[in-house]
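Chemist: Could you look at this predicted model? Sequence included:
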Amino acid sequence: MAEVAPNGPCYRFGPFELNTGEELLWRNGARVKIQDLPYRLLVMLLERPGEIVSREEVRQRLWRENTFVEFDNSLGVAIRKVRDSLNDDAEAPRYVETVPRRGYRFVAPVTVLLSGIPTPAPILAVSSPAAVAEIKVQTSRRYWVAALILASLGAAVYGLGFLPRHPSTKVATAGSVPAIRTRRSVAVLGFRNLPGHTEDNWLSSAFSEMLNTELASDGVLRMVPGEDVARVKRELPLADEDSLAKATLDRLRMNPGAEVVILGSYTALPGKGDKRIRLDVRVQDTVRGETIAERSFTGSEGNLFELATQAGQALRQSLGISLVSNQASLQARAALPSNQEAVRFYTQGQERLWAFDYGHARDLLAKAVVAEPGYPLAHAALADAWNHLGYSPKARAEIERARNLSQHLGPEDRLLIDGQYYATIQDRTRAIDAYRQLFTQYPDNLDYGLRLADEQRWVNPEDALHTLETLRHLPLPSSDDPRIDYIESRAWIRKDVVKAQAAARRALEKGTAQGSRLFVARAYGILCETIAVGDSTAEVIRACQNARESYAAVGDRDNAARATSDFATFTINRATWTARKRCSGKRSRCFVRSAISRALPPPPVTWAIFRWLAGI
């Protein structure tokens, strides 16, 4: 069992122990997987065993006021996850009881440990018979476990060989998937501008990009993509500090799956002549909650590349990684623009892309291309912006320029540009080849596997499903990522609508438990697109409304409009069917008038929709 942490109580109930200091749940000494939102809900129930915890109390404590969720669905998912972790049954609860129309109650006996001293928790309600039976079963199990331990020790003493030499060695089973070698995952979260001068804000994204490139140069570390970091920072507002609390580190370990995070601050130093910058960097381990290193670096604003290289080399040493070779260093340097003006526009444009602000992203990336026409990654990012804005010819032109300029990049960057190029021109077979090479070389990279499956679903959905099954054998938390289920739903969408909806609902559950509004929006989007087949009108309206509002909450107006379009298509199809039924055998004028009147909502609603779509 886990030791009691000094900064939080430990709750024991049945075979379980929940340590709030470490934020871990154990069952008979084995760790139990539980996601963040269900964990916090379980803590609420354990704090008041025997009492009813109302739904409104849960809402106020677990969901911020400005967070959009469908509360009933989200709470239902969270309570189901709690029961799954405890192997509980809603019909015959041993731990969590549902009190209709009021809330939930923890019914099993609970013992609270403070500073290592067991203290019985006050229980206002009488424990259920099922809970008492559970205690008797556990007592019996302890005798059998003790006997088994003694037998094993005796076998070891007499050399019978029942115990393996290395307890950590796993026995291979027939048909098992070979373990994937995983690299240490690192996320660069960004840096605070201490003086707060707005003209220097761009340095945060510039330092992040440079450090990402420097640390990824030899492929020893797996860097969390900047897009994922930007998403998590929107979903998990980080404290304006240079150090993160253990609870925040735990959440970052699960989403976006970072074992190490890098953050800090920068400030301009007073003096004459060339402006000097001090960069303060902190490296924290999300698994143990420890600070690995704290370093400061000083350099000229006119030569940020040297400052970033200096910091990158020192951080590699702090992480126990050898310095990169000259060739790898040169290839890493080639992945960055040669002048700082291009760096500024490129990194700012990337930020706008990740925030779904494609118009501003296009303008900034166009300036980056002007500042350095030979920089391939700026052309590739500009192609992405044009593609989202619907200008396919311009997107193809930019990605072709990027590909022609990519010969001096490292193999990983070249393959990424190749995959984007062939996907843009819709040469699916070659796009698949490019992403398959990437995924083969870096099998622990979830992003590359998802890109491969997303292209495969266009050619052969079975291949996509096979790739997704491989991703489900990655170590946690990658194997439980909602995007795997989301891509699966897209693979099924043209073959089996029921399976597509089932995969979307799994993605919805995982995204909700993870607190990821974007993944929730994407799952609702699939349901909005498919749920009309054989389901009620009310369910379609609810799915499409949730998709639109969820996308709007994360700033993705493009997909919010798409959800509105899907709902409009459903409304028109329903109106057409109704009109045909009513006007059967009558003049065509009746059909047209009835279809139009039923397809359009009341005039004020219609005008509001057009105003919303136009952004006015």
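Modeler: Cool, the structure landed. Residues are numbered from 1 along each chain as shown.

Chemist: from the middle of its chain, how far away would stretch 358-366 be?
Modeler: 25 Å (Cα atoms, centre = their mean, to the nearest Å).

Chemist: In the stretch 351-500 of the chain, what residue spans correspond to helices?
Modeler: Counting by DSSP state H, counting those that start in this stretch, the stretch 351-500 of the chain has these helices, from start to end: 358-371, 376-389, 392-404, 411-424, 428-441, 446-459, 461-471, 482-492, 497-514.

Chemist: Likewise for the stretch 51-200 of the chain?
Modeler: Assigned by DSSP H, counting those that start in this stretch, the stretch 51-200 of the chain shows helices spanning 55-62, 71-86, 129-157.

Chemist: low-confidence ranges in the stretch 301-450 of the chain?
Modeler: Counting by pLDDT under 70, the stretch 301-450 of the chain has no low-confidence residues at all.

Chemist: Render the CA-only coordinates of stretch 322-330 in PDB, please.
Modeler: What follows is stretch 322-330 as a C-alpha-only set of coordinates in PDB (Å, rounded to 0.1, in the frame of the first residue of the first chain):
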ATOM      1  CA  SER A 322      24.500  13.100 -24.300                       C
ATOM      2  CA  LEU A 323      25.200  16.100 -26.500                       C
ATOM      3  CA  VAL A 324      24.100  15.900 -30.100                       C
ATOM      4  CA  SER A 325      26.600  15.300 -32.900                       C
ATOM      5  CA  ASN A 326      27.600  18.100 -35.200                       C
ATOM      6  CA  GLN A 327      25.500  16.700 -38.100                       C
ATOM      7  CA  ALA A 328      22.400  16.400 -35.900                       C
ATOM      8  CA  SER A 329      23.000  20.000 -34.700                       C
ATOM      9  CA  LEU A 330      23.300  21.300 -38.200                       C
END
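
Chemist: How far away from the center of its chain is that stretch?
Modeler: Using Cα atoms, centre = their mean, the offset of stretch 322-330 from its chain centre is 31 Å.

Chemist: what's the answer for stretch 184-195, then?
Modeler: 18 Å.

Chemist: Flag every buried residue along it.
Modeler: 185, 186, 187, 188, 189, 190, 191, 192, 193 (16 or more other Cβ atoms under 10 Å). From N, CA and C alone the C-beta is placed, and that goes for glycine too.

Chemist: Any chance of CSV for the helices of the stretch 351-500 of the chain, columns distance to residue 336?
Modeler: Compiled in CSV, those are given as follows (distance: least, Cβ to Cβ, whole Å):
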stretch, distance to residue 336
helix 358-371, 12
helix 376-389, 8
helix 392-404, 15
helix 411-424, 11
helix 428-441, 20
helix 446-459, 20
helix 461-471, 30
helix 482-492, 28
helix 497-514, 32
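
Chemist: for these, which one sits closest to residue 273?
Modeler: helix 358-371 (24.6 Å; Cβ to Cβ).

Chemist: So which bits of that closest one are buried?
Modeler: In helix 358-371, the ones that count as buried by 16+ other Cβ under 10 Å are 358, 361, 362, 363, 364, 365, 366, 367, 368, 369, 371.

Chemist: My guess is the third one contacts residue 383. True?
Modeler: Spelled out, it's residue 362. No - the pair residue 362 / residue 383 is not scored as a contact, 10.2 Å apart, by Cβ atoms under 8 Å.

Chemist: Quick check: which of the helices of the stretch 351-500 of the chain has the most neighbours on average?
Modeler: Most buried of these by mean neighbour count (mean count of other Cβ atoms under 10 Å) is helix 482-492; its value is a mean of 25.

Chemist: So which other helices or strands are in contact with that helix?
Modeler: Contacts defined by 3 or more Cβ pairs under 8 Å, 6 or more residues apart in numbering; DSSP states H and E place helix 482-492 against helix 446-459, helix 461-471, helix 497-514, helix 517-530.

Chemist: okay if I get those helices as a markdown table plus distance to residue 295?
Modeler: Converted to a markdown table, the helices and strands packed on helix 482-492 look like this (distance: least, Cβ to Cβ, whole Å):
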| stretch | distance to residue 295 |
| --- | --- |
| helix 446-459 | 29 |
| helix 461-471 | 35 |
| helix 497-514 | 32 |
| helix 517-530 | 33 |
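
Chemist: so where's the stretch 101-250 of the chain shaky on pLDDT?
Modeler: Residues of the stretch 101-250 of the chain meeting the criterion pLDDT under 70: 114-179, 237-242.

Chemist: at 80 what do you get?
Modeler: Where the stretch 101-250 of the chain drops to pLDDT under 80, the residues are 113-181, 196, 236-243.

Chemist: gap between residue 568 and residue 335?
Modeler: 43 Å (Cβ to Cβ, to the nearest Å).

Chemist: repeat for residue 399
Modeler: The gap separating residue 399 from residue 335 is 17 Å, by Cβ to Cβ.

Chemist: what do you get for residue 227?
Modeler: Using Cβ to Cβ, one gets 16 Å for the distance from residue 227 to residue 335.

Chemist: if you count what's nearby, which of these two comes out ahead?
Modeler: residue 335 (22 against 14; other Cβ atoms under 10 Å).

Chemist: how far away is the more buried one from residue 249?
Modeler: 29 Å.

Chemist: This protein - how does it break down into domains?
Modeler: 10-132, 184-334, 337-425 (automatic domain parsing).

Chemist: Look at the longest one and report the distance between its end residues.
Modeler: Read it as domain 184-334. 24 Å (Cα to Cα, to the nearest Å).
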